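Enquirer: Starting from these lines, generate the structure:
(one chain, ligands or ions: 1)
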Amino acid sequence: MCGIVGYIGQLDAKEVLLKGLEKLEYRGYDSAGIAVRNADGIHVFKEKGRIADLRQVVDSSVVASTGIGHTRWATHGVPNYVNAHPHQSTSARFTIVHNGVIENYHLLQEEYLPHVEMQSDTDTEVIVQLVEHFSNEGMATEEAFRHTLSLLEGSYAIGLLDTQTDDTIFVAKKNSPLLVGVGAEFNVIASDAMAMLSVTDQFIELHDKEIVIAKADSIQIKKLDGTKVERAPYTAELDLSDIEKGTYPHYMLKEMDEQPAVVRRITQQYEDAAGNVTISEDIATAIKEADRLYIIAAGTSYHAGLIGKQYFEKIAKIPVEVHISSEFGYNMPLLSKNPLFVFISQSGETADSRQVLVKIKEMGYKALTITNVPGSTLSREANYTLPLYAGPEIAVASTKAYVAQITVLAITAYAVAEATDFDLKKELSIAANAIQTVIDHKEEFQALTEQFLATTRNAFFIGRGMDYFVSMEGALKLKEISYIQAEGFAGGELKHGTIALIEDGTPVIALATQKDVALNIRGNVKEVVARGANPCIISMEGMEEAGDAFTIPHVYPLLAPLASVVTVQLISYYAALYRGCDVDKPRNLAKSVTVE
Ligand code: M6R
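Expert: A predicted model of the protein is given here:
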């Protein structure tokens, strides 16, 4: 989703900003822009499309060492030049970049700006016009900025330049991620530490409703009422090489390849001194004290939650409900007496999940966040965090984070179980090897995909039990990166309606990794084949049959998703490649969805 960068120091701000925006490209965007300030005033460059397009329109002769930049993922107004950020006030005194959604922007416009002719369709422009409005009424810039912020309902991360305030970036944040990076004689702002890691690894977290007056040699953090806040920087534990593609053509391929290592790393990270996989005592106690867990998540993380429910119920005997975050907050079910909320989120920034977290905290309940980004909003605001240790995931399509989520969920359920009849550490090691085997056969998936999916307009994934949940994830992966209409179904449910869609050649990818239902799913495959479907069966060793497209090595049944999901990831990846799609940056999508 939208990304913000800002720089104030001695270097050529244009280049620092453009490079920073390139590092935020993975978040998803449809236009980009920068504004730099020098003695001549503020120079704005923006363009629809990619950063590469923006680079073409940036005037290299402009020299400036202060600036702000933005990648926009359209919410209010179509993606075009006019709606791209930065936006300026009518007199061009103030220039702003903004992430988030201002819910009351129409009301504010009506009340304070009836005579202002708006240039864009965005909610953002209202913010910059309000700052100008209040400054025209006699307020100093900081006061006008704070007063404007106090009127905004919704979410914002903001960088603001003023032609009349030398070498300063005014910064603010509420419900949208934003960090301040600290350097020697320079400071930066960024939605994500990754964007500015090439210039500093020292970052200061901002809390909601704080503003920052950033200069090259100082950072002042204040609350909206003007009270000063002191906060020390932390070191971002990110390795720049983790966020480089290296020789890989796509981040998605690199991240799929990392999956065996991710499972092994997690196992090590969650090992105690005796070598057993475990979690910290306080989190284990909170889970054991709960009478029911409510897993809240979106997209791929929701699919991981469905698997997590099986782990908690089958391994730890703890009842679980899994809910889509965008639904839960507005249609809350009757809760148990003593619930614990478990938020699963790769980014830790998903606004749909955060609105639930805010609500359940107001109700007095506790929350655990399972995330790849400790220090993210969902992590900071929950009572407990379990990190995923997957390393930065850059491709919009989540792969290694899903595998990491399942692994951490399995470890958590195992750690709180009163008794277990299997050795999870050993089984995870076997599963990591099985993932490696699938990856080592990726060419087979490439060939398979050409045969099944190169030209189809739709596809079905079917499975039963654990395989059903992986089918849902397979369908999501395929549709988000290849734009093939795909659905994941419980095998037995097809004949209750959906089978009507099966025609000659319709691809049906069936997962058969669960012994108790393997014959049933094969029966479902026969039903669709009888109606012309083109089947592709992915089985597991021990239940394979002649004609299966691929057989994954045997793994502990509950852990089968760790290996079987990799097959559907690879199928989706190659389908997108055959169709010439932008694998890492699929259309209309954002990596971290920071608006509701
Ligand atoms: O960062 P989160 O895990 O909270 O993100 C949730 C979804 O937006 C995310 O999983 C999305 O569905 C992915 N693009 C799927 O690949």
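Enquirer: May I ask you to name the longest helix in this structure?
Expert: helix 560-578 (DSSP state H).
Enquirer: Which positions in that one come out as buried?
Expert: For helix 560-578, a neighbour-count test (16 or more other CB atoms under 10 Å) marks 560-577 as buried. All C-beta spots, glycine's among them, are computed from the backbone N, C-alpha and C.
Enquirer: And for stretch 226-244?
Expert: In stretch 226-244, counting by 16+ other CB under 10 Å, buried: P233, A236, L238, I243.
Enquirer: Next to the ligand, which bits of this structure? Give me the list.
Expert: 298-301, 345-347, 350, 353, 396-398, 476, 480, 592-593 (CB under 6 Å from any ligand atom).
Enquirer: Single out the residue in the stretch 1-150 of the chain that lies closest to the ligand.
Expert: Minimum separation of the stretch 1-150 of the chain from the ligand (CB to the nearest ligand atom) falls at G28, amounting to 8.9 Å.
Enquirer: same check, this time on the chain
Expert: Going by CB to the nearest ligand atom, the ligand is nearest to G299 of the chain, at 1.9 Å.
Enquirer: Check what pLDDT the closest residue to that residue other than its chain neighbours gets.
Expert: With CB to CB, 6 or more residues apart in numbering as the criterion, G299 has its nearest non-adjacent residue at 6.7 Å, and that residue is L476. Note for L476: predicted pLDDT of 98.
Enquirer: Just list what the longest helix of the chain packs against, helices and strands only.
Expert: Contacts defined by 3 or more CB pairs under 8 Å, 6 or more residues apart in numbering; DSSP states H and E place helix 560-578 against helix 251-257, helix 400-416, helix 424-440, helix 442-453, helix 466-482, strand 507-512, strand 534-540, strand 550-552.
Enquirer: returning to what we had before: which residues touch the residue nearest to G299?
Expert: By CB atoms under 8 Å, 6 or more residues apart in numbering, the residues touching L476 are G299, T300, H303, A486, G488.
Enquirer: can you tell me how far T247 sits from T506?
Expert: 37 Å (CB to CB, to the nearest Å).
Enquirer: Compare those two and say which one has the larger neighbour count.
Expert: T506 (18 against 6; other CB atoms under 10 Å).
Enquirer: what's the nearest residue to that one if we skip its chain neighbours?
Expert: Per CB to CB, 6+ apart, closest to T506 is A533, 4.9 Å.
Enquirer: residue contacts, the one you found?
Expert: Contacts of A533 (CB under 8 Å, 6+ apart): F460, I502, G505, T506, P507, V508, V525.
Enquirer: now do H147
Expert: Counting by CB under 8 Å, 6+ apart, H147 has contacts F134, M139.
Enquirer: same thing but at 10 Å, please
Expert: The contact partners of H147, by CB atoms under 10 Å, 6 or more residues apart in numbering, come to L130, V131, H133, F134, S135, E137, M139, L224.
Enquirer: same deal with D467?
Expert: So D467 contacts 461, 474, 488, 490-491, 510-514, 517-518, 521, 538, 540, 560-561, 564 (CB under 10 Å, 6+ apart).
Enquirer: burial of the residue of the chain closest to the ligand, as a residue count?
Expert: 21.
Enquirer: low pLDDT regions in the stretch 401-550 of the chain?
Expert: By pLDDT under 70, the stretch 401-550 of the chain has no low-scoring segment.
Enquirer: If we use 80, what do you get?
Expert: Flagging of the stretch 401-550 of the chain using pLDDT under 80 yields the residue ranges 454.
Enquirer: Over to the stretch 201-350 of the chain?
Expert: 237-244.
Enquirer: Can you give the domain ranges for the chain?
Expert: Using automatic domain parsing, the domain parsing of the chain gives 3-241, 248-421, 437-596.
Enquirer: so can I have a markdown table of the ones you listed showing distance to I430?
Expert: As requested, these are exported to a markdown table (distance: least, CB to CB, whole Å):
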| stretch | distance to I430 |
| --- | --- |
| domain 3-241 | 29 |
| domain 248-421 | 10 |
| domain 437-596 | 6 |
